[in-house]
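Need the 3D shape of this:
(one chain, ligands or ions: 2)
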Amino acid sequence: MKIAILGSGAFGAALAAALGREGPVVLWGRGQAGREIRRLPGLVLPGSVTVTADLAQTDDADLLLLSVPMQALGRFVADHGARLASRPLVACCKGVDLTTGLGPVEILDTLGGPAPAVLTGPSFAADIAIGLPTALTLACRDDALGAHLQARLSTPVLRLYRTPDVIGAELGGALKNVMAIAAGVVIGAGLGDSARAALMTRGYAEMLRFALARGARAETLAGLSGFGDLVLTCTSAQSRNFSFGLSLGRGESFDPATTVEGAATARAVAEIGRTQALDLPVSTAVAALVDGRITVTEAIQSLLSRPLKQE
Ligand SMILES: NC(=O)c1ccc[n+]([C@@H]2O[C@H](COP(=O)([O-])OP(=O)(O)OC[C@H]3O[C@@H](n4cnc5c(N)ncnc54)[C@H](O)[C@@H]3O)[C@@H](O)[C@H]2O)c1
Ligand SMILES: O=P(O)(O)OC[C@H](O)CO
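Numbers count the residues shown, from 1 in each chain. Ligands and ions are numbered 1, 2, ... in the order given. The predicted structure follows:
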């Protein structure tokens, strides 16, 4: 019984550290050399974790966790689908694919294997890596498989809560990144904590509106994968999405090599909103801002000048 984690970035490596304390894990990374994790410098992985750049070394695992960035998942599945298809798959990425508008589970669904799951919720890789207590959502349409995965992936400090609402769980994780960019802009531009609270609350209303239109359950959005992750990501400079927004708000540059899932997701969500006539002012403003179509001042003005309405 071996777990394989595909993607040796910060989150894949953190999960390998956590799960490796409980049993054997293979951590695969594209171009991974040695045991040093570039995105989590200094992390010492348990001896039970095999680190490899050879995908064939994951073939004897009975459970696969996919921890590549969202915009890379479609290509990864297209390239390696035959190798992945027959085993239970858990997507660990957060976002909406820009070219297809699909979430991670819908992409894994194309393989036709067991019902794919998504693992999402408030969790910084650095916290998980050092064994700090964390609670996550494990969503799987097949509840029996979901219960199995929940038990398999929980540890004494990593608590997984289960839901069959895959759409709600993945959209909560995707959309909170967009809101975190916006919250970072608010703070970076000096608008203050009250404005951030307003942004988070109206952003949550927008997340709910979008997710309900896609068939999600409201209570999922109120849980770890939605509200929980929104709070974490909009209030911590540990978040890359929030930090990216901070830089935008301050007019500073940001390292383009950093994974900022909310940027592409804002574009994908704004486009879906446009074609389906959904009112998504924050996502639309973030998409326009990251594309350089509007300035920070114009983005703020677009939100403050909306007609007054009932809450
Ligand atoms: N870092 C966190 O705290 C955290 C927490 C929860 C969820 N996540 C999610 O996990 C996912 C991965 O994020 P991360 O933080 O590990 O990113 P990261 O930037 O630390 O690492 C991304 C890794 O993916 C690899 N990669 C990129 N394109 C690839 C491809 N086409 N094929 C194979 N590998 C590829 C990179 O080489 C890198 O090792 C994201 O969707 C993110 O939202 C991250
Ligand atoms: O660093 P971020 O902004 O990608 O956030 C990491 C996790 O998604 C927080 O739950």
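
List the residues that contact L102.
Counting by Cβ atoms under 8 Å, 6 or more residues apart in numbering, L102 makes contact with 74, 96. Just so you know, the C-beta spots here come from the backbone N, C-alpha and C atoms, and that holds for glycine as well.

Just confirm it is within a strand.
No - going by DSSP: H, G, I helix; E, B strand; the rest coil, the assignment for L102 is coil, not a strand.

Report the mean per-residue pLDDT for the one helix or strand A263 maps to.
Assigned by DSSP states H and E, A263 falls within helix 261-275. For helix 261-275, the mean pLDDT works out to 98.

Quick check: which helices or strands does it pack against?
helix 70-84, helix 166-188, helix 193-213, helix 240-250, helix 281-290 (3 or more Cβ pairs under 8 Å, 6 or more residues apart in numbering; DSSP states H and E).

Could you confirm whether the first one reaches ligand 1?
Yes - interface with ligand 1: helix 70-84 contributes 70, 72, 75-76 (Cβ under 6 Å from any ligand atom).

Of those, keep whichever come out buried.
The neighbour-count test (16 or more other Cβ atoms under 10 Å) applied to these identifies 70, 76 as buried.

okay, the residues of helix 70-84 next to ligand 1 in CSV with distance to G42 and pLDDT next?
Converted to CSV, the residues of helix 70-84 next to ligand 1 look like this (distance: Cβ to Cβ, whole Å; pLDDT from 0 to 100):
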residue, distance to G42, pLDDT
M70, 26, 98
A72, 25, 98
R75, 30, 98
F76, 27, 98
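
Among the residues of helix 70-84 next to ligand 1, find me the one that's closest to S48.
F76 (25.1 Å; Cβ to Cβ).

ok, and the closest non-adjacent residue to the closest one?
V68 (5.3 Å; Cβ to Cβ, 6 or more residues apart in numbering).

Any idea which residue of the stretch 101-250 of the chain lies closest to ligand 1?
Proximity of the stretch 101-250 of the chain to ligand 1 (Cβ to the nearest ligand atom) peaks at A125, 3.5 Å away.

Would you confirm that that residue contacts A14?
Yes - if you go by Cβ atoms under 8 Å, A125 and A14 touch, sitting 3.8 Å apart.

got a list of what the residue nearest to F76 touches?
So V68 contacts 6-7, 9, 12, 76, 93 (Cβ under 8 Å, 6+ apart).

Pull up the residues of the protein that are close to ligand 1.
7-12, 29-30, 39, 67-70, 72, 75-76, 92-95, 123-125, 259, 261.

These: which ones sit near ligand 2?
Checking the residues of the chain next to ligand 1 against ligand 2 by Cβ under 6 Å from any ligand atom, the ones in range are 94, 123-124, 261.

With neighbour count, secondary structure and distance to A198 as added columns, please give those in CSV.
What follows is these, written out as CSV (neighbours: other Cβ atoms under 10 Å; DSSP: H, G, I helix; E, B strand; the rest coil; distance: Cβ to Cβ, whole Å):
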residue, neighbour count, secondary structure, distance to A198
K94, 30, coil, 24
S123, 23, coil, 26
F124, 18, coil, 25
E261, 24, helix, 24
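
which one of the residues you listed is nearest A183?
The closest of these to A183 turns out to be E261 (Cβ to Cβ; 14.8 Å).

Quick check: the gap between the closest one and V68.
Noted for E261: a distance of 11 Å to V68, by Cβ to Cβ, to the nearest Å.

quick one: common contacting residues for the two?
Common contacts of E261 and V68 (Cβ under 8 Å, 6+ apart): C93.

sorry, back to before: what about the residue of the stretch 101-250 of the chain closest to ligand 1, how many neighbours?
For A125, the count of nearby residues is 22 (other Cβ atoms under 10 Å).

Tell me who's in contact with it.
Neighbours of A125 in contact, by Cβ under 8 Å, 6+ apart: 9-11, 13-14, 39-40.

rerun at 7 Å
A125 makes contacts with 10-11, 14, 40, as judged by Cβ atoms under 7 Å, 6 or more residues apart in numbering.

still on that earlier bit, now the angle between helix 193-213 and the helix holding A263, please.
60 degrees (axes from the mean of the first three to the mean of the last three Cα atoms, to 10 degrees).

Since that was my last question, I'll sign off now.
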